[in-house]
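>>> Next comes the sequence, and after it the predicted model I'd like to discuss.
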Amino acid sequence: MTLIESKKVTKVYKLGMTTVHALRGVSSQIEKGDFIVIVGPSGSGKSTLMHILGALDKPSEGEVLIDGKKISKLDEWELAMIRRKKIGFIFQTFNLIPTLNALENVLIPTEPLDGEQEDYRERGENLLDLVGLKERMHHKPSELSGGERQRVAIARALINDPEIVFADEPTGNLDSLTGDKIINLMLNLNKEEKKTFVIVTHNQDLLKIASKKFIMKDGELSKIDRNHRVRKFTEKRTK
Ligand SMILES: Nc1ncnc2c1ncn2[C@@H]1O[C@H](COP(=O)(O)OP(=O)(O)O)[C@@H](O)[C@H]1O
Ligand SMILES: [Mg+2]
């Protein structure tokens, strides 16, 4: 089952006189249960692609389809619901709110959009338990280590039980042992809860555990096959 699809997506940033082609016609498919790893050098367009696939940003050209629906045809409310219910994001810099404790941070995405408040507290506590932070729930981010903060961010990404989780360099700010733990946690969620993951990373080692592997270079996405051959996956937009 295809969850998210991109068709010849381009992204162009114009900064004064300069034009940056961040994405050059990326076509891709995310299927339910995938554990996708995208590697590539800094500045190659990985974050841009992830934001566009996750409906946080819009392509310059091309289309993104979520559950077969073109997101360009959705209104703001429908997009807000997709971002909230369907997709979880884990950012490199964790993006936790310093004045809130771990549990309160996890509960941020459950603030009502439509005035209806459901009780997510127990779910938040269970998720913090799952990521090994049962004893740390009431601590502020400043009282937590980098790995613990990232685990709070993972629990927050899962609070609304999204089908798919995007993780942008989730271990980039962690030592390798802590990073391995975070990755194992995501692998377990993929295996046991069938969560779909798309992980963007500098770390080539993660390609070993991916169900699908890609490399991003200069805004072009290529598939890496089982024999580690690179097959170009980018179609130039013909228009
Ligand atoms: N908001 C923005 N405005 C202008 N240029 C941007 C913006 N975001 C990203 N870029 C440029 O787009 C290219 C791809 O960036 P990015 O997607 O962040 O790459 P990566 O995540 O692989 O490091 C880079 O050249 C970057 O400078
Ligand atoms: Mg990036």
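Received the coordinates, thanks. Ligands and ions are numbered 1, 2, ... in the order given.

>>> What strand or helix carries Phe94?
Using DSSP states H and E, no element contains Phe94; it sits outside every helix and strand.

>>> I meant Gly172, not that one.
Assessed by DSSP H and E, Gly172 sits outside every helix and strand.

>>> My understanding was that it contacts Phe91; is that so?
No. Proximity of Gly172 to Phe91 does not meet the contact threshold set by CB atoms under 8 Å, at 9.8 Å. Using the backbone N, CA and C atoms, a C-beta is placed for each residue, glycine as well.

>>> Enumerate every residue touching Ile131.
Careful, residue 131 is Val; it's not Ile. With contacts defined as CB atoms under 8 Å, 6 or more residues apart in numbering, the neighbours of Val131 are 151-152, 154-155, 185.

>>> Lys194: what's it in contact with?
Taking CB under 8 Å, 6+ apart as the criterion, Lys194 is in contact with 32-33.

>>> From Thr2, how far off is it?
Remark: distance between Lys194 and Thr2 (CB to CB, to the nearest Å) = 15 Å.

>>> before we move on, what about Pro170?
Plainly put, Pro170 is 24 Å away from Thr2 if you go by CB to CB.

>>> what do you get for Ile108?
According to CB to CB, Ile108 stands 29 Å off from Thr2.

>>> Just the pLDDT for the residue most central in space within the chain.
Taking CA atoms, centre = their mean, the centroid of the chain lies closest to Phe166, which sits 1.2 Å from it. Residue-level confidence at Phe166 comes out at 96, pLDDT.

>>> Surely it is within a helix?
No. Counting by DSSP: H, G, I helix; E, B strand; the rest coil, one finds Phe166 to be strand, located in no helix.

>>> what about Gly172 and Phe91, which has more around it?
The neighbour count for Gly172 versus Phe91, taken as other CB atoms under 10 Å, is higher for Phe91 (18 against 15).

>>> who's in contact with the nearest residue to the more buried one once chain neighbours are set aside?
Excluding its sequence neighbours, the residue lying closest to Phe91 (CB to CB, 6 or more residues apart in numbering) is Asp168, at 5.5 Å. Under the criterion of CB under 8 Å, 6+ apart, the contact list for Asp168 reads 46-47, 50, 89-92, 200.

>>> Lowest-confidence entry in the residues you listed?
The member of these with the lowest pLDDT is Gln92, at 82.

>>> That one touches Asn173, doesn't it?
Yes. Distance between Gln92 and Asn173: 6.3 Å, which falls inside the contact criterion (CB under 8 Å).

>>> Please say which of those two ends up with more neighbours.
Regarding Gln92 and Asn173, a neighbour count based on other CB under 10 Å identifies Gln92 as having more, with 18 against 15.

>>> which SS class is that one?
Three states are possible here, and by three-state DSSP the one that applies to Gln92 is coil.

>>> Excluding residues flanking it in the chain, which one is nearest it?
Glu169 (4.0 Å).

>>> ok, and the helix or strand in this structure with the lowest average confidence?
strand 230-232 (a mean of 66; mean pLDDT, DSSP states H and E).

>>> what residues does the lengthiest helix in the chain touch?
When secondary structure is assigned using DSSP state H, the longest helix within the chain turns out to be helix 176-193. Taking CB under 8 Å, 6+ apart as the criterion, the residues outside helix 176-193 that touch it are 33, 35, 131, 145-147, 150-151, 154, 158, 165, 167, 170-171, 174, 195-197, 199, 203, 206, 209.
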